[in-house]
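Enquirer: predicted model follows, preceded by the sequence.
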Amino acid sequence: MGQSINQTSFNARDHRRFAERLQQDLTTLEGLLATPGWGQGPRTLGAELELYLTDPQHRPARRNLDVLAAADDPHLTPELNRFNLEYNCPYTQFAGQPFSWLARTIDARLASLRRLAQPMGVAITPIGILPTLTEDDFGLASMTDLPRYHALTRILSEARSGPFQICIAGPDRLVMSADDMTLEGANTSFQLHIRVNPEEFAPWYNAIQIGAAFVLALGANSPLFLGRRLWHETRIPLFKQSIDCRNLCQMNWQPPARVSFGKGYVRHSALELFRQGVSLQPVLLPECQSEGEDDGVGRGPALSALRLHQGTIWSWNRAIYDDAAGGHLRIELRSLPAGPTTVDMLANAALALGLAQALMPQLEQLMDTLPFEFAEYNFYRAAQHGLHAELLWPDAQGHLVEAPVRTLLPELVDRAETALVGLGIDTTEAAHLMGVIRERVARNQNGALWQLATLRALERRHARPQALATLFGLYREHSDSGVPVAQWAVPA
């Protein structure tokens, strides 16, 4: 959920000072982007993996601070809820075999965490939403005791002037309200960071936005929440609704939610996204750090106010300013779920970047053919139906038609593999990861479909609560094995 803060309450003076700092930071960033050569550097790749902690009964274990204390690793951080934590994987060069390097690094950290947590009776698993969650697992008693989380839940609730409303319809239906933001903590993701040079930000960002629907459909892994079958990637509507502080009944216009797909393609530069964030979203955490306190040798301007504010706008694909190496830009891909296995997550990552690169030669024409609101439509249909989605896409004559995603994927995966090699990725690595993707398409099985099929099978013998616990036990075994989800057997 972003940067740490020290304050939990703010006054009008804090907001005035912070607003001034935001405008100063925007002006500084505009100057940096106009400086020839600024932000240039080798393309790098990094990731953040959010994880669930569970007990021997496959229920959430509120032990994240205990695990973090035992691990003593600066790359590990707490998450909103006490049954989650995050691993911030170091960056690597985007060339050769970066996905294999990330896989080895993540697997090594997961193995060591599991060894540390085992004496506590805690298991650690990557999964988009834990199937065994109940309503009793949420509320302030489950929230990690840090100032940022206390401040956010109070400010968001006050802004809404009432409880957060959740309404998600799938095969089952969920309608509920919550007095705090801890429902958001049900969502765990695998977030990818790619560094891009400033002049290539717009094409990379737009291509990632267009390709996101296909990657999300293939990677869906969150079909179950509070005992209900909802969207194949339930994280998408749940995250948006669980922190939506807009009170639309009291507004003459509809500002964007803080969790959104965006408001349009980027026309020129990343500055557009930062400006939109300042103009469209009220400040939540106006804590002003002392000028220069984040500066260091070889670092660029801290822009701490802009970074703190941007960290409270959770776009599914987000622009990131980092002051390291003199300052640079990254694109953060936030829509993919954690799990089912490391190789599945890295295959999703490779597809996202390879497909974006493959779309770039025809990007201008594609953006004209597929207006932004239809790219957004594709994204949410992919989240809702996964591999069974039908998406809007140009046919051979260039006309926009609705087609099953599984019929569109084979050509797009081939193009993504070719593009990965063109980007400098090892041929064997690209072929292996796209092979993982092709097997999912051929077998019509990703994490969401396996969970739904397994639940159907188990409910022939068990009531749903027991079936969900047994399902997660099987999921954990398969996930720990490292075998890609396409090969997981559904119980007879």
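Expert: Okay, I see it. Worth saying up front: this structure is predicted, and the values here are computed from it rather than measured. Numbering: from 1, shown residues only.
Enquirer: on the three-state scheme, C167 is what?
Expert: The three-state label given to C167 by DSSP: H, G, I helix; E, B strand; the rest coil is strand.
Enquirer: run a quick neighbour tally on the nearest residue to it once chain neighbours are set aside.
Expert: Excluding the flanking residues, the one nearest C167 by C-beta to C-beta, 6 or more residues apart in numbering is V175, at 5.1 Å. Bear in mind the C-beta positions are built from the backbone N, C-alpha and C, glycine included. Using other C-beta atoms under 10 Å, V175 has 9 neighbouring residues.
Enquirer: got the phi and psi for V175?
Expert: In terms of degrees, to the nearest 10, the main-chain angles of V175 are phi -130, psi 120.
Enquirer: just confirm it contacts L226, I think it does.
Expert: No: V175 is beyond contact range of L226, at 10.9 Å (criterion: C-beta atoms under 8 Å).
Enquirer: looking at the protein, which helix is longest?
Expert: Looking across the chain with DSSP state H, the single longest helix is helix 12-33.
Enquirer: buried residues in the helix or strand following that helix?
Expert: Moving toward the C-terminus from helix 12-33, the next helix or strand (DSSP states H and E) is strand 44-54. Neighbour-count burial for strand 44-54, with 16 or more other C-beta atoms under 10 Å as criterion, is recorded at T44, L45, G46, A47, E48, L49, E50, L51, Y52, L53, T54.
Enquirer: how far is strand 44-54 from where the chain is centred?
Expert: 10 Å (C-alpha atoms, centre = their mean, to the nearest Å).
Enquirer: tell me the helices and strands packed up against that strand.
Expert: strand 84-93, helix 98-117, strand 123-125, strand 190-196, helix 342-359 (3 or more C-beta pairs under 8 Å, 6 or more residues apart in numbering; DSSP states H and E).
Enquirer: so which of those is the most packed in?
Expert: Across those, averaging neighbours per residue (mean count of other C-beta atoms under 10 Å) puts helix 342-359 on top, at a mean of 25.
Enquirer: okay, and the closest residue to D25 other than its chain neighbours sits in which element?
Expert: Nearest residue to D25, sequence neighbours excluded (C-beta to C-beta, 6+ apart): L306, at 3.7 Å. For L306, the host element (DSSP H and E) is helix 304-310.
Enquirer: what element comes up after that helix heading to the C-terminus?
Expert: strand 317-322.
Enquirer: chain center to the next helix or strand after that following strand: distance?
Expert: For strand 317-322, the following helix or strand on the C-terminal side (DSSP H and E) is strand 328-333. Centroid separation between strand 328-333 and its chain, computed with C-alpha atoms, centre = their mean, is 13 Å.
Enquirer: other SSEs contacting strand 328-333?
Expert: Using 3+ C-beta pairs under 8 Å, 6+ apart, the elements in contact with strand 328-333 are strand 190-196, helix 201-219, strand 317-322.
Enquirer: ok, back up a step: would you turn the helices and strands packed on strand 44-54 into JSON lines with mean pLDDT and distance to A486?
Expert: Listed next are those as JSON lines, based on pLDDT from 0 to 100; distance: least, C-beta to C-beta, whole Å:
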{"stretch": "strand 84-93", "mean pLDDT": "97", "distance to A486": "24"}
{"stretch": "helix 98-117", "mean pLDDT": "98", "distance to A486": "17"}
{"stretch": "strand 123-125", "mean pLDDT": "98", "distance to A486": "19"}
{"stretch": "strand 190-196", "mean pLDDT": "98", "distance to A486": "17"}
{"stretch": "helix 342-359", "mean pLDDT": "98", "distance to A486": "8"}
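Enquirer: closest to I437 out of the ones you listed?
Expert: I437 lies closest, by C-beta to C-beta, to one member of the helices and strands packed on strand 44-54: helix 342-359, at 5.3 Å.
Enquirer: how about the helix or strand following the closest one as PDB, C-alpha atoms only?
Expert: Sequence order places helix 363-369 as the next helix or strand after helix 342-359, per DSSP H and E. Output of helix 363-369 as PDB, limited to C-alpha atoms (Å, rounded to 0.1, in the frame of the first residue of the first chain):
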ATOM      1  CA  LEU A 363       0.300   1.000 -32.100                       C
ATOM      2  CA  GLU A 364      -1.000   4.200 -33.600                       C
ATOM      3  CA  GLN A 365      -3.400   2.400 -35.900                       C
ATOM      4  CA  LEU A 366      -4.400   0.100 -33.100                       C
ATOM      5  CA  MET A 367      -5.200   3.000 -30.800                       C
ATOM      6  CA  ASP A 368      -7.400   4.500 -33.500                       C
ATOM      7  CA  THR A 369      -9.200   1.200 -34.100                       C
END
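Enquirer: can we start the residue count at 548 from this point?
Expert: Okay, using 548 as the starting number, the last item reads as helix 910-916.
Enquirer: list the contacts of helix 910-916.
Expert: P750, N753, A754, I757, Y812, L906, P941, G945, L947 (C-beta atoms under 8 Å, 6 or more residues apart in numbering).
Enquirer: compute the distance between A896 and S1028, please.
Expert: With distances taken as C-beta to C-beta, to the nearest Å, A896 is found 20 Å from S1028.
Enquirer: how about R987?
Expert: Per C-beta to C-beta, R987 is found 17 Å from S1028.
Enquirer: neighbour count winner among these two?
Expert: Between R987 and S1028, R987 has the larger neighbour count (other C-beta under 10 Å), namely 26 against 11.
Enquirer: just confirm that one is within a helix.
Expert: Yes: R987: assigned to a helix according to three-state DSSP.
Enquirer: give the buried residues for stretch 599-619.
Expert: Residues of stretch 599-619 classed as buried by neighbour count (16+ other C-beta under 10 Å): 599-602, 605-611, 613-615, 618.
Enquirer: and it, average pLDDT?
Expert: Averaging pLDDT along stretch 599-619 yields 97.
Enquirer: so what touches that stretch?
Expert: Defining contact as C-beta under 8 Å, 6+ apart, one finds that stretch 599-619 is touched by 623-626, 628-632, 659-660, 663-664, 667-674, 677, 679-680, 684, 689, 691, 735, 885, 1016, 1019-1020, 1023.
Enquirer: of those, buried ones?
Expert: Neighbour counting by 16+ other C-beta under 10 Å classes 623-626, 628-632, 660, 663-664, 669-674, 677, 679-680, 684, 689, 691, 735, 885, 1016, 1019-1020, 1023 among these as buried.
Enquirer: any stretches of this structure with poor pLDDT?
Expert: Low-confidence segments of the chain (pLDDT under 70): 548-555, 794-800, 837-843.
Enquirer: who's in contact with the spatially most central residue of it?
Expert: Centroid-nearest residue in the chain, with C-alpha atoms, centre = their mean: R881, separated by 2.4 Å. Counting by C-beta under 8 Å, 6+ apart, R881 touches S736, Q738, W861, S862, W863, N864, R865.
Enquirer: repeat that for 6 Å
Expert: Q738, W863 (C-beta atoms under 6 Å, 6 or more residues apart in numbering).
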